[in-house]
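# I'd like to go over a predicted model; first the sequence, then the structure.
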Amino acid sequence: VKLYLKLSHAKKDYEAVHKVLMESKDIEDFPMLYQAKQAVKQLSGISGMMHDMCFNLCIGFTGQFVHLESCPICGSSLYDQLILMQSSGKKKVTHKQFLTVPIS
């Protein structure tokens, strides 16, 4: 948990450290990133919520915009069009997301 909290690019850095440590013969068990995140949630009682946002950062697709599939300001699609086309419209992957952490 301390390692996860200290890393500036947590996902990438933690997974790299995990790989190195698991290759070491001195360490038999080291938690995966998901396990570290769950421990942080459990210990702090705080968990974040991911929200979709415009590719150009105009809006977050929350509240009145939650059901839109394109930005009302710039017209940018919510979904990555290349992935959408390659999957014949079945896989909807958003361009960007942001995290909110409710504190009360």
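Thanks, I have it.
# okay, CA-based contacts and neighbour counts for the rest of this
Will do.
# which stretches in this protein count as strands?
Using DSSP state E, the strands of the chain run over 49-53, 96-100.
# which other residues reach the first one?
By CA atoms under 8 Å, 6 or more residues apart in numbering, the list of residues contacting strand 49-53 from outside reads 59-62, 78, 94-102.
# so which of these comes closest to residue 70?
Relative to residue 70, the closest of the contacts of strand 49-53 is residue 78; by CA to CA it sits at 5.1 Å.
# can you say which of the contacts of strand 49-53 are buried?
60-61, 78, 94-96 (16 or more other CA atoms under 10 Å).
# only the buried residues of the helix ranked longest in the chain, if you could.
Identified as the longest helix of the chain according to DSSP state H is helix 10-23. Neighbour-count burial for helix 10-23, counted by 16+ other CA under 10 Å, picks out 14, 18.
# cool, and stretch 78-92?
Result for stretch 78-92 [16+ other CA under 10 Å]: buried residues 78-81.
# shaky segments in this structure?
Scanning the chain for pLDDT under 70 picks out the ranges 1, 3-9, 104.
# that one: helices as residue ranges?
2-6, 10-23, 33-44, 81-86.
# can you add distance to residue 50 and give the ones you listed back as TSV?
Below are the helices of the chain laid out as TSV (distance: least, CA to CA, whole Å):
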stretch	distance to residue 50
helix 2-6	19
helix 10-23	15
helix 33-44	14
helix 81-86	20
